[in-house]
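Undergrad: Need coordinates for the following:
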Amino acid sequence: MIVLAHVSDLHLDGGPRSLDRAARVFAHLDGLPGELDAVLVTGDLADHGLAEEYEQVAKLFAGPRKPLHCPGNHDVRGPYREVLLGEQASDEPINQVHRVGGAVFALCDSSIPGRADGHLDDGTLAWLESVLDGAGDDPVFVCFHHPPVVLHIPYIDDIRQSGTDRLAALLGRYPNVVAVLCGHAHTGAASTFAGLPLLVVPGVVSTVNLPWESHETTDLDAPPSIAFHLLDDDRRLTTHYRVVPPGA
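TA: Numbering: from 1, shown residues only. This next block holds a predicted model:
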C-alpha cells in the first residue's frame, strides 16, 4: 500500500501567520507515528515568489519527510529553481518526476508567468507523455496546481486550468494513471477528469467558502487541512481529509 500526505497553498509571505499555519501542518506530519511514503505540496509555496520566501519554504521542508512539490500561480520560476532545486534561474516550466514507494509522481507546472489561471504548455505535455511512456506498469499520480475542471466556485473557476482536452486525451491512453491531484481551490473537493479521480486538497493558508456558505470569499480563521491518499495493492484509491487543529 502507498500512503501519501497531500497539502497545498502555503503562501509563505515572510509574515508570522502563514508560517505558523504551515509549520503546524508539517510538525503534525513529522509527528505521525506511522510511515508515509511521500508528502506532496501542489503549489503556491510562496506568496510573492521572492527568494526570501523560498528560504522559509526550504527550512520548512528540511524535516524528516522531504516533500515533493510543484509550482503554483503565486510562485516564480527563477527563485523557485535557485533556492529549492539548486538550479540556475530559468523561466522554463518546472516539471519533475519522482519514483516513491513503487509509484511514479509526475509533477507538472501548470503556472503561466504573470497570470493567475493555469495551462499545461506543449512542452510540458510532451514531457508528461515521456514520463508515462517510461512508467511501465507502475501506478502514476499526475500532479499540478490548477484544477482542470469547473468546481462551481466562481472565484476559482475563473482561474482554473484551460486547454484540458489535450491533457484528457493523453491520460486516456495510459490505464496505469490512478489519479489527478491538485490544489489552488483552498477547499477540499473530489470530482473526475478523463475518467480518473480528481482530488483537490484544501488550502493551508486559508479556506475558500462555497458560494452558498458565505458572502465572504475567504475564511482566514478555518484551520488548515490535509489529505491522505491511500493506494492499496488492488490499486483502489481512498482519500481521507483531516483538519490540523491549533496546537497540533
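Undergrad: Where does residue 56 sit, in terms of helix or strand?
TA: Using DSSP states H and E, residue 56 sits within helix 51-60.
Undergrad: For that helix, name the packing helices and strands.
TA: Where contact means 3 or more Cβ pairs under 8 Å, 6 or more residues apart in numbering; DSSP states H and E, helix 51-60 is packed against helix 16-30, helix 77-80. C-beta here means a position set from N, CA and C on the backbone, and glycine is covered the same way.
Undergrad: Could you single out the most deeply buried of those?
TA: helix 77-80 (a mean of 20; mean count of other Cβ atoms under 10 Å).
Undergrad: Contacts made by that one with the rest, please.
TA: With contacts defined as Cβ atoms under 8 Å, 6 or more residues apart in numbering, helix 77-80 is touched by 45-46, 49-51, 53-54, 71, 89-94, 109, 111, 113.
Undergrad: gap between that helix and the chain center?
TA: 17 Å (Cα atoms, centre = their mean, to the nearest Å).
Undergrad: Could you pull up the mean pLDDT of that helix?
TA: For helix 77-80, mean pLDDT rounds to 98.
Undergrad: After it, heading C-terminal, what element do we hit next?
TA: strand 96-100.
Undergrad: before we move on, back to that, so which bits of the helix holding residue 56 are buried?
TA: Using 16 or more other Cβ atoms under 10 Å as the burial criterion, the residues of helix 51-60 that qualify are 53, 54, 55, 56, 57, 60.
Undergrad: Which elements pack onto the following helix or strand past it?
TA: Downstream of helix 51-60, the first helix or strand assigned by DSSP H and E is strand 68-70. Under the contact criterion of 3+ Cβ pairs under 8 Å, 6+ apart, strand 68-70 touches strand 38-42, strand 96-100, strand 103-107.
Undergrad: which residues sit in contact with the residue most central in space within the chain?
TA: Against the mean C-alpha coordinate of the chain, by Cα atoms, centre = their mean, the closest residue is residue 42 at 1.5 Å. By Cβ under 8 Å, 6+ apart, the contact set of residue 42 is 6-8, 69-70, 72, 143-145, 181-184, 201.
Undergrad: redo that, cut-off 6 Å
TA: Residues near residue 42 by Cβ atoms under 6 Å, 6 or more residues apart in numbering: 8, 143, 145, 182, 183.
Undergrad: So which of those residues are in helices?
TA: With helices taken from DSSP state H, there is no overlap with these.
Undergrad: Take these and write them to a markdown table, including neighbour count.
TA: Formatted as a markdown table, the contacts of residue 42 follow (neighbours: other Cβ atoms under 10 Å):
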| residue | neighbour count |
| --- | --- |
| 8 | 31 |
| 143 | 27 |
| 145 | 27 |
| 182 | 30 |
| 183 | 29 |
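Undergrad: can you redo those residues as a markdown table with distance to residue 78 and pLDDT?
TA: Shown next, in a markdown table, are these (distance: Cβ to Cβ, whole Å; pLDDT from 0 to 100):
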| residue | distance to residue 78 | pLDDT |
| --- | --- | --- |
| 8 | 22 | 98 |
| 143 | 22 | 98 |
| 145 | 17 | 98 |
| 182 | 23 | 98 |
| 183 | 21 | 98 |
